[in-house]
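Student: Let me see the structure of the following:
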Amino acid sequence: MNSLIKLELARALRNRKFLFFSVIYPSVIFLLASSQGGTNGKVDGTGLTVAAYVMVSMASFGALTAVLMGNSERIAKERENGWVRQLRLTTLPGRGYVLAKTASAAVVSLPSIVVVFLVAAAVKGVRLDAWQWLALTGAIWAGSLVFAALGVAIGYLASGDAVRPLTMIVYFGLSILGGLWFPSTSFPQWLQDIAKWLPTHAYAALGRAIEQSQAPHAQDIAILAVFFVLFAGGAAWLYRKDTLKA
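Tutor: Okay, the predicted model is just below:
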């Protein structure tokens, strides 16, 4: 299994297009979005500067990109070209394949988080205590596992031709409605009521609580836990179903 994880990492790191969209692209969007509110502008209802608020959004968005977009398309294509079937002939257990995919995606997601933080601190002057930087990195990185499981599930749900449009719909839907691109406080009330139950909204809320030196809300942790169980359970069921078809 270690060999497969190394192979997955090497493949991900060689994919320059994927690295751009998961590591560089979120930082570019951060610079564009954070410039809208000026240096000292605040986001209503949060007490956070625009730069600090958008920093968490874009770090979460970058991690989401790495684990969701990377996993779903690669798995669907590997099922289509017979690579997954070949692996089933080896001694690698099914959980090993899923774990390798999740681990490689998690490793690639870490640079996307760190780069956004570095740009925010160096260019926009975002300042936090050392424990907050460490806690933010850990929370956003750990939270990305929820969406890594979703990526695995989509990869087993869709065919090679259908996986990209399906992933893009889920990707942009969760990003926008979850408040990663725009503050959810700017949404109509009915949309805010929907957004607060989405995993992306809870995901970003973890980071913002840390920025405010507060403990994460129990509701946000519970939402992420429930969605992780649903996504991981769905991925496991779809994997077994795919195995039986093979």
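
Student: got a pLDDT number for the residue nearest to the spatial centre of the chain?
Tutor: Relative to the mean C-alpha position of the chain, the nearest C-alpha, by Cα atoms, centre = their mean, is the one of residue 64, at 1.8 Å. According to the predicted model, the pLDDT of residue 64 comes to 90.

Student: how distant is the host helix or strand of it from the center of its chain?
Tutor: Secondary structure assignment for residue 64, by DSSP states H and E: helix 50-64. Using Cα atoms, centre = their mean, to the nearest Å, the mean C-alpha position of helix 50-64 is found 11 Å from that of the whole chain.

Student: Residue 202 is in contact with residue 174, correct?
Tutor: No. The pair residue 174 / residue 202 is not scored as a contact, 11.1 Å apart, by Cβ atoms under 8 Å. Just so you know, the C-beta spots here come from the backbone N, C-alpha and C atoms, and that holds for glycine as well.

Student: Below-threshold pLDDT in the chain: ranges please.
Tutor: 1-21, 37-41, 45, 81-100, 242-246 (pLDDT under 70).

Student: quick one, strands of it?
Tutor: With DSSP state E as the criterion, the chain has no strands.

Student: just the helices in it please.
Tutor: Listed in chain order, the helices of the chain (DSSP state H) span 2-14, 16-19, 25-34, 50-64, 70-81, 83-88, 94-123, 130-157, 163-177, 189-195, 199-211, 218-245.

Student: To residue 42, which of these lies closest?
Tutor: helix 50-64 (7.1 Å; Cβ to Cβ).

Student: Just the CA coordinates for the closest one, please, in PDB.
Tutor: Extracted as PDB, the C-alpha positions of helix 50-64 are listed here (Å, rounded to 0.1, in the frame of the first residue of the first chain):
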ATOM      1  CA  VAL A  50     -12.100  41.100   4.700                       C
ATOM      2  CA  ALA A  51      -8.500  39.700   4.200                       C
ATOM      3  CA  ALA A  52      -8.800  37.400   7.300                       C
ATOM      4  CA  TYR A  53     -12.300  36.200   6.300                       C
ATOM      5  CA  VAL A  54     -11.400  35.500   2.700                       C
ATOM      6  CA  MET A  55      -8.100  33.800   3.700                       C
ATOM      7  CA  VAL A  56     -10.000  31.000   5.500                       C
ATOM      8  CA  SER A  57     -12.500  30.800   2.600                       C
ATOM      9  CA  MET A  58      -9.800  30.400   0.000                       C
ATOM     10  CA  ALA A  59      -7.700  28.000   2.000                       C
ATOM     11  CA  SER A  60     -10.700  25.800   2.400                       C
ATOM     12  CA  PHE A  61     -11.500  26.200  -1.300                       C
ATOM     13  CA  GLY A  62      -8.000  25.200  -2.200                       C
ATOM     14  CA  ALA A  63      -8.100  22.100  -0.100                       C
ATOM     15  CA  LEU A  64     -11.600  21.200  -1.500                       C
END
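
Student: Run through the neighbouring helices and strands of that helix.
Tutor: Packing partners of helix 50-64 (3 or more Cβ pairs under 8 Å, 6 or more residues apart in numbering; DSSP states H and E): helix 25-34, helix 94-123, helix 130-157, helix 163-177, helix 199-211.

Student: Please identify the most buried of the ones you listed.
Tutor: helix 199-211 (a mean of 24; mean count of other Cβ atoms under 10 Å).

Student: Just the CA coordinates for it, please, in CSV.
Tutor: Taking C-alpha atoms only, helix 199-211 is exported to CSV below (Å, rounded to 0.1, in the frame of the first residue of the first chain):
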residue,chain,number,x,y,z
PRO,A,199,-20.6,20.9,4.9
THR,A,200,-18.6,23.6,3.2
HIS,A,201,-20.2,26.3,5.4
ALA,A,202,-19.4,24.3,8.5
TYR,A,203,-15.9,23.6,7.2
ALA,A,204,-15.1,27.3,6.8
ALA,A,205,-16.8,28.1,10.1
LEU,A,206,-14.2,26.0,11.9
GLY,A,207,-11.4,28.3,10.7
ARG,A,208,-13.3,31.5,11.4
ALA,A,209,-13.9,30.4,14.9
ILE,A,210,-10.2,29.9,15.4
GLU,A,211,-9.5,33.3,13.9
